[in-house]
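Novice: coords please:
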Amino acid sequence: MIAVPGDGPVSWTAREDAAEAAAVILASNGVYDGPTTLTASAAPTFQEIAAVASELTGRTIEFVAMDEDEWVAAQIDRGEPEFRVRFLLGFYQAAQRGCFAGVDSLLGKLLGREPRTARDFLSQTSAG
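Specialist: Residues are numbered from 1 along each chain as shown. The predicted structure follows:
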């Protein structure tokens, strides 16, 4: 089960892809000057991740959008410090507002291939 206090698109990007692209940028002799956006080409939601995980595992992975106060209480009950829980809550709220939905094609251009997707990551995780 994926139980979170909010859902929204997040441009999940594999660290390996970001690192590889950063190396290309650093070796480019200044071709890329200034801020550079490196994101994968899709921004899945947790509900979509649950559907992909269900498909890949052959089990039903349920998505539950929890009430924020209930989620906070559950995390604190598990022993998480309240300041950390409230900090993390802000990420879910931001995702719900679409703050992490941006995608850009530059990463794929720098890599010379499509960036890894959340599905690719889950496929590797469920196979290994």
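
Novice: Going by C-alpha atoms from here, please, whenever you check contacts or count neighbours.
Specialist: Fine.

Novice: what does the helix ranked longest in the chain contact?
Specialist: The single longest helix within the chain, with elements called by DSSP state H, is helix 82-96. Identification of contacts with helix 82-96 by CA atoms under 8 Å, 6 or more residues apart in numbering yields 4-10, 68, 72, 75-76, 100-101.

Novice: any idea of the mean pLDDT for it?
Specialist: Mean pLDDT, helix 82-96: 97.

Novice: next one: whatever helix or strand comes next after that helix to chain centre, how far?
Specialist: The element immediately downstream of helix 82-96 (helix or strand, assigned by DSSP states H and E) is helix 106-111. Mean-position distance between helix 106-111 and its chain equals 18 Å (CA atoms, centre = their mean, to the nearest Å).

Novice: quick one: which two of the contacts of helix 82-96 are the most distant?
Specialist: I76 and A101 (28.4 Å; CA to CA).

Novice: Which residue of these two possesses the greater neighbour count?
Specialist: A101 (19 against 16; other CA atoms under 10 Å).

Novice: Distance-wise, check the more buried one relative to L56.
Specialist: 24 Å (CA to CA, to the nearest Å).

Novice: just so I have it, where are all the helices in the protein?
Specialist: Going by DSSP H, the chain shows helices at 15-26, 46-57, 68-77, 82-96, 106-111, 118-127.

Novice: elements contacting the shortest one?
Specialist: The one in question is helix 106-111. Applying 3 or more CA pairs under 8 Å, 6 or more residues apart in numbering; DSSP states H and E, one finds that helix 106-111 contacts helix 15-26.
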